[in-house]
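# Structure for this input, please:
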Amino acid sequence: MRQVKERWQTGQILLGKSDLTRCRATVVNWEISRQNENLQTLFNLTKATLAMVSKLSALRIVLVEPAGALNVGSIARVMKNMGLQQLVLVNPQCDRLGEQARLMAVHGADILESAQEVSSLTEALHGCQRLLPPR
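Reported below is the predicted structural model:
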């Protein structure tokens with residue numbers, strides 16, 4: 001069938017009217033079948049992505065005494081790209097809502113705006129079930 005389709009598309013095959021109608025119907029069915037397969041694949045990928053995003057949304061990123069607004073903005077940008085939402089700053093030494101932080105955050109400005117500021121690491125980790133320290 002694939003060879004017939006390829007030959008038909010390139011004009012290398014001559015068919016009678018009834019053969020041509022049958023061939024076109026077959027090609028249309030083949031294309032619809034491929035589209036359905038592509039949609040099913042896309043649907044499965046979307047379901048997997050949503051499941052992963054819901055797991056990532058539970059992660060909390062904690063920065064202890066960040067000194068540079070550029071660094072905080074960069075973290076917000078990466079978090080936005082990865083689907084993370086919870087940023088906690090422990091005793092920040094910079095302005096998380098300043099121009100430099102927003103410049104680096106690009107589309108992650110909402111992460112900066114929703115970030116929590118706390119005074120101790122104990123407060124930042126309250127409610128966490130697992131801790132992954134930096135390497």
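# now the strands for the protein?
60-64, 86-90, 116-118 (DSSP state E).
# buried ones in the last one?
Looking back up the chat, that one is strand 116-118. When neighbours are counted by 16 or more other CB atoms under 10 Å, the buried residues of strand 116-118 are found to be V118. In this view, the C-beta of every residue, glycine as well, is placed from N, C-alpha and C.
# Just checking: what are the partner strands of it?
As defined by DSSP bridges, the strand partners of strand 116-118 come to strand 86-90 (parallel).
# The partner strand vs strand 60-64, what angle?
Counting by axes from the mean of the first three to the mean of the last three CA atoms, to 10 degrees, strand 86-90 lies at 20 degrees to strand 60-64.
# can you list contacts of strand 86-90?
For strand 86-90, the surrounding residues in contact (CB atoms under 8 Å, 6 or more residues apart in numbering) are 57, 59-66, 72, 75-76, 79, 96, 111-112, 114-121, 123-124.
# try 10 Å
Taking contacts as CB atoms under 10 Å, 6 or more residues apart in numbering, the residues outside strand 86-90 that touch it are 56-66, 72, 75-76, 79-80, 96, 108, 111-126, 128.
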